[in-house]
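[1] Got a predicted structure here, sequence first:
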Amino acid sequence: MKPLLKVDFCSHEAAKFAVMNWHYSKTMPTPPLIKIGVWENNTFIGCVMFGRGANNNLGASFGLNKIEVCELVRVALNNHVNQVSKIVSLAVRVLKKQSPGLRLIVSYADTTQSHIGVIYQAMNWVFIGQTSSDKRLILPNGKILHSRQFSKSGVKKQYGEYRTVPTPSDGELVTIPGKLKYIYPLDRAMRRQIKQLAKPYPKHADG
């Protein structure tokens, strides 16, 4: 018998605990965030988080403004019995109820972690392709910086302000492959709009 599953809003502290302990990135996404906790038999086992993501024009290609689209930015779970697809589906329901004007969710599968989006495929998300490759800077202390966090000039505009940042000469510059992009419509009109964008689901090389 499966344990009692509860999915509801959780505190920032609980969400951060889940990410730091149960997500490979060990980093919290940029706010604002909607943090939805997950419990099995009243035991906290993780969280699902939605946010605006790193792309300020996330919904532009779909004709959507910032309040009509969001990104699924973290699924951070400890050992659990219920399927991840079920947990995320319930989190989406909570999100829709809290944000009735939302029309589309975007998410990415990180190929560097051997992820191909199995969760999204199980939920019938629409796969629309792979993003462009990107750069990362590995500092001597082992910290890995996103391309938004360094520049050739040593200056970068962040959160509306120009700030001093590392340059490529401060570490080892590496190229990483693009991520697999999935989208999930929240109304019939949006589903019709994106239907033509659907591509065959990617599969693991061994099957």
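    Happy to help now that I have it.

[2] where are the low-confidence patches of the chain?
    Along the chain, the model assigns pLDDT under 70 to residues 159, 205-207.

[3] Domain map for this structure?
    Domain ranges of the chain: 5-132+178-197, 134-176, per automatic domain parsing.

[4] residues of the helix or strand containing F44 that come out buried?
    Taking DSSP states H and E as the criterion, F44 maps to strand 43-51. Going by neighbour count (16 or more other Cβ atoms under 10 Å), the buried part of strand 43-51 is I45, G46, C47, V48, M49, F50, G51. No exception for glycine: its C-beta is placed from N, CA and C like everyone else's.

[5] What of stretch 92-111?
    Neighbour-count burial for stretch 92-111, counted by 16+ other Cβ under 10 Å, picks out 92, 94-95, 102-111.

[6] mind listing the strands for this protein?
    For the chain, applying DSSP state E gives strands covering 5-9, 33-40, 43-51, 69-77, 104-109, 126-130, 134-138, 144-146, 155-158, 161-164, 172-176, 180-185.

[7] Okay, now the sheet partners of the fourth one, with direction.
    On the basis of DSSP bridges, the sheet neighbours of strand 69-77 come out as strand 43-51 (antiparallel), strand 104-109 (parallel).

[8] where's the shortest one relative to the chain centroid, distance-wise?
    Going back to what we said before, that points to strand 104-109. Averaging C-alpha coordinates over strand 104-109 and over its chain gives two centres that are 6 Å apart (Cα atoms, centre = their mean, to the nearest Å).

[9] and if you look at stretch 111-127?
    11 Å.

[10] what do you get for stretch 60-78?
    8 Å.

[11] Now do that stretch: distance from first to last residue.
    35 Å (Cα to Cα, to the nearest Å).

[12] One more: stretch 21-40?
    End-to-end distance of stretch 21-40 (Cα to Cα): 17 Å.

[13] Please apply the same query to stretch 1-8.
    The first residue of stretch 1-8 is 22 Å away from its last residue (Cα to Cα).

[14] So what touches that stretch?
    36-42, 48, 81-82, 86-87, 90-91, 93-94 (Cβ atoms under 8 Å, 6 or more residues apart in numbering).
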